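Trainee: all I have is the shape, not the residue letters:
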Ligand SMILES: Cc1cc2nc3c(=O)[nH]c(=O)nc-3n(C[C@H](O)[C@H](O)[C@H](O)COP(=O)(O)OP(=O)(O)OC[C@H]3O[C@@H](n4cnc5c(N)ncnc54)[C@H](O)[C@@H]3O)c2cc1C
């Protein structure tokens with residue numbers, strides 16, 4: 001298993017979602033780590049906030065496609081499910097390659113989540129002036145809610161995608177993988193961490209350090225663990241810095257709620273990128289796009305915790321702005337409000353997990 005497997009309740013159904021990490025992979029065996037991992041101190045009294053967000057999920061995968069809208073070229077870049085942070089630089093690059101070919105003049109981008117901001121930056125890097133039109137800015141986007149693990153999880157159904165889409169996915173993943181690496185550090189809030197996961201490590205070819213662990217090689221009170229390294233993105237800091245980058249490079253940001261394609265047709269730019277995430281359900285009547293709610297309990301930061309966990313208890317990502325405990329995956333749920341009973345279950349499952357943490361000799 002990897003990223004989120006979770007708590008086993010009816011509200012958390014994962015059936016039918018692609019779990020790229022569940023494939024069997026050949027992995028090395030680990031050198032046994034020694035000593036004790038610092039435990040996460042899980043208690044209701046340590047909760048500093050609870051949040052819920054709606055993953056923009058499409059069984060047929062994200063949409064990166066160009067079309068004509070009156071005299072404009074409109075390029076879609078939305079529908080990334082539980083993997084939008086991971087895929088952002090990559091699908092935004094595919095989108096600008098579709099859009100900028102043969103284009104002259106200013107460019108419009110709709111949306112200021114991770115897709116809108118990375119698209120706007122890539123447009124600027126290619127030398128074009130950009131204006132972002134958006135209903136809401138960070139911190140009021142779904143992208144701000146994301147846990148920020150770099151892992152392409154939960155964003156399509158295996159039997160619903162085409163070979164052409166798979167090629168887009170592979171290209172996007174590859175560019176994102178390389179782009180995030182050159183941004184590691186405090187400026188963008190990106191760091192590498194070891195992740196302990198129940199089951200096999202991800203099989204997407206981007207985790208060269210993956211190892212399967214014998215019971216004496218890990219401290220968790222669960223069977224069948226592996227460990228791999230990946231990047232973690234502190235989404236609030238990352239999006240704040242990207243917003244600044246857009247502005248420093250001369251980009252404009254306008255607060256606009258666009259209700260119909262006709263509103264987009266009325267924008268002055270002849271090239272417009274649609275990065276509205278779940279907003280495309282209404283704006284473009286994409287009924288394939290459905291929310292998958294995720295809820296998080298955020299605990300007081302513990303800087304000494306420098307590892308992540310994913311498994312049946314849920315997931316734990318340690319960030320500078322708090323310890324994130326999550327793991328719900330609630331399909332078709334449009335209410336982005338944390339539910340106290342779900343939060344209590346997330347906290348309880350992690351309390352049990354960390355209470356059983358042992359040292360390895
Ligand atoms: C709990 C949770 C955990 C997650 N964890 C991870 C993770 O660990 N790793 C990972 O890779 N991904 C994760 N994700 C998924 C990720 O958050 C999303 O895939 C990603 O944020 C989608 O980005 P976006 O820019 O498309 O959408 P959004 O962030 O929703 O941005 C859309 C933008 O468009 C604007 N907009 C929408 N409609 C209109 C309109 N009509 N007019 C004008 N503006 C409009 C909005 O105001 C907003 O600015 C998680 C998601 C959740 C909820």
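Mentor: Sure, I can see it. These figures come from a predicted structure and were not determined experimentally.

Trainee: now do the strands in the stretch 51-200 of the chain.
Mentor: Applying DSSP state E, counting those that start in this stretch to the stretch 51-200 of the chain gives strands spanning 63-69, 72-78, 107-110, 130-134, 190-198.

Trainee: quick one: terminal-to-terminal distance for stretch 197-216?
Mentor: 15 Å (Cα to Cα, to the nearest Å).

Trainee: list the buried residues of it.
Mentor: Within stretch 197-216, the residues that count as buried by 16 or more other Cβ atoms under 10 Å are 197-204, 206-207, 210-213. All C-beta spots, glycine's among them, are computed from the backbone N, C-alpha and C.

Trainee: among these, which lie within strands?
Mentor: Among those, the members found in strands (DSSP state E) are 197, 198, 211, 212, 213.

Trainee: which residue, other than its chain neighbours, is closest to the last one?
Mentor: Using Cβ to Cβ, 6 or more residues apart in numbering and skipping residues adjacent in sequence, the residue nearest residue 213 is residue 225, 4.5 Å away.

Trainee: check contacts around the one you found.
Mentor: Residues counted as contacts of residue 225 (Cβ atoms under 8 Å, 6 or more residues apart in numbering) are 196, 197, 198, 212, 213, 217, 218, 311.

Trainee: next one: it from the ligand, what distance?
Mentor: Separation of residue 225 from the ligand (Cβ to the nearest ligand atom, to the nearest Å): 20 Å.

Trainee: per-residue confidence at that residue?
Mentor: Looking at residue 225, its pLDDT stands at 94.

Trainee: ok so, going back, can I get the buried residues of stretch 197-216 in TSV including pLDDT and distance to residue 258?
Mentor: TSV is the format used below for the buried residues of stretch 197-216 (pLDDT from 0 to 100; distance: Cβ to Cβ, whole Å):
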residue	pLDDT	distance to residue 258
197	96	40
198	95	43
199	89	42
200	88	43
201	84	41
202	82	36
203	81	39
204	79	34
206	87	35
207	83	39
210	92	43
211	92	48
212	93	49
213	93	49
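
Trainee: the residues you listed into TSV, with extra columns for distance to the ligand?
Mentor: TSV is the format used below for the buried residues of stretch 197-216 (distance: Cβ to the nearest ligand atom, whole Å):
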residue	distance to the ligand
197	13
198	17
199	17
200	18
201	16
202	12
203	17
204	12
206	13
207	14
210	18
211	22
212	23
213	22
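
Trainee: pick the most deeply packed of the strands of the stretch 51-200 of the chain.
Mentor: Among these, ranked by average contacts under mean count of other Cβ atoms under 10 Å, first place goes to strand 107-110 (a mean of 28).

Trainee: please compute how far that strand lies from its chain's middle.
Mentor: 22 Å (Cα atoms, centre = their mean, to the nearest Å).

Trainee: what is the nearest of the ones in strands among the buried residues of stretch 197-216 to residue 318?
Mentor: Within these, proximity to residue 318 (Cβ to Cβ) peaks at residue 197, which comes in at 14.9 Å.

Trainee: surely the closest one and residue 314 touch.
Mentor: No: with contact defined as Cβ atoms under 8 Å, residue 197 does not count as touching residue 314 (12.0 Å).

Trainee: what number of residues lie near the residue nearest to residue 179 when sequence neighbours are not counted?
Mentor: Spatially, and ignoring its direct neighbours in sequence, residue 179 is nearest to residue 89 (3.9 Å; Cβ to Cβ, 6+ apart). Residues lying near residue 89 (other Cβ atoms under 10 Å) number 22.

Trainee: which residues touch residue 89?
Mentor: Residue 89 neighbours (Cβ under 8 Å, 6+ apart): 118, 122, 175, 176, 179, 180.

Trainee: most widely separated two among these?
Mentor: Largest pairwise distance in the contacts of residue 89, by Cβ to Cβ, is 13.8 Å, between 122 and 180.

Trainee: quick one: residue 194 from residue 236, how far?
Mentor: 23 Å (Cβ to Cβ, to the nearest Å).

Trainee: meant to ask about residue 151, not that
Mentor: As judged by Cβ to Cβ, residue 151 and residue 236 stand 19 Å apart.
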